[in-house]
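In: need coordinates for the below:
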Amino acid sequence: MTMKKTTLVVAAIMMCLQASATEISQTEHLTFYYPNFKSIDLALGKMPDTSDPKVEFCCEAAFTGQLLASFSHSNVADNHVSGGKWYQGYSCRANTGAFIWHPDISEKPKCQMAFCQYLLILQGRQTPMWKMMRNNRTRYRALCEKDGRLCLVESKKVVTLEFFIKCLMESHVTNAIYLDMGAGWNYAWYRDAKGEVHEIFPESKKASDYRYRTNWVTFYR
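Out: Alright, predicted model coming up:
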């Protein structure tokens, strides 16, 4: 995959996997979800069903270009990889980075999945923020690395992007890449230690744009 973007690469061996299911921790302003996973993939066209016991956590990943009745790879923001296969998406100016997953760190590891998004933090440093986005207010979510572990991090309430990144930095997040949010797109779900499903923003399923979602970063047990 050729992209003129900063790339955030996470190999399986770097992750400290835990025996329990998705762990949850909180700070004053943030909620952290740590999935227990063996692999990660990018689901396309249809969100993984809650009946699939292998899925630990899934949520929206890359931006969707248009509200189309049917799925098209060209409607996913920038190039992406799913199931080890590369697809071409539309060119998105907002994207400044990418998340790539490969299951090993051999000399020539095979990319299993990848998607492009707006990079928030890289190697402990905040990336440049567009002035027009600084004061945008919403509930934010990011895919992060903290203490050598992958986690999904959400703001507990509506905040500005500037404040959300400030909270991530204060929590010592090493790397962070944005995940698509907003009515319809912010719906997510995870599985607890008993195998029970917990929904995040379940009201989003009633949003008019819910059916137009296109892709999901998915953690598998």
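
In: tell me, how many residues neighbour Thr218?
Out: 24 (other CB atoms under 10 Å). Backbone N, C-alpha and C define where each C-beta goes, glycine included.

In: what strand or helix carries it?
Out: Taking DSSP states H and E as the definition, Thr218 sits inside strand 215-220.

In: can you list the strands that that strand pairs with?
Out: If you go by DSSP bridges, strand 215-220 pairs up with strand 39-44 (antiparallel), strand 55-60 (antiparallel).

In: wait, doesn't Thr138 sit right on Val158?
Out: Yes. In this structure Thr138 lies within contact range of Val158 using CB atoms under 8 Å: 6.0 Å.

In: between the two, point out the one with more neighbours.
Out: For Thr138 versus Val158, the count of surrounding residues by other CB under 10 Å is larger for Thr138: 15 against 9.

In: by mean pLDDT, point me to the weakest helix or strand of the protein.
Out: When each helix and strand of the chain is scored by mean pLDDT, DSSP states H and E, strand 6-11 comes last, with a mean of 54.

In: after that one, next one along is what?
Out: Downstream of strand 6-11, the next assigned helix or strand under DSSP H and E is strand 23-26.

In: residues making contact with that next one?
Out: The contact list for strand 23-26 (CB atoms under 8 Å, 6 or more residues apart in numbering) reads 31-34, 36, 156.

In: and that strand, which strands flank it?
Out: strand 30-34 (antiparallel).

In: contacting residues for the closest residue in space to Ser74 that isn't next to it in sequence?
Out: Among residues not flanking Ser74 along the chain, Tyr90 sits closest, at 5.6 Å (CB to CB, 6 or more residues apart in numbering). Neighbouring residues of Tyr90 by CB under 8 Å, 6+ apart: 65, 74-78.

In: ok, and the most crowded of those residues?
Out: Val76 (27 neighbours).

In: quick check: that one touching Tyr87?
Out: Yes. Here Val76 reaches Tyr87: they are 7.3 Å apart, a contact under CB under 8 Å.

In: who touches both of the two?
Out: With CB under 8 Å, 6+ apart as the test, Val76 and Tyr87 both reach Leu44.

In: name the single longest helix found in the chain.
Out: When the chain is parsed with DSSP state H, its longest helix is helix 161-170.

In: against which helices or strands is it packed?
Out: strand 119-122, helix 131-134, strand 141-146, strand 149-155 (3 or more CB pairs under 8 Å, 6 or more residues apart in numbering; DSSP states H and E).

In: now with 7 Å, please.
Out: With contacts taken as 3 or more CB pairs under 7 Å, 6 or more residues apart in numbering; DSSP states H and E, helix 161-170 sits against strand 119-122, helix 131-134.
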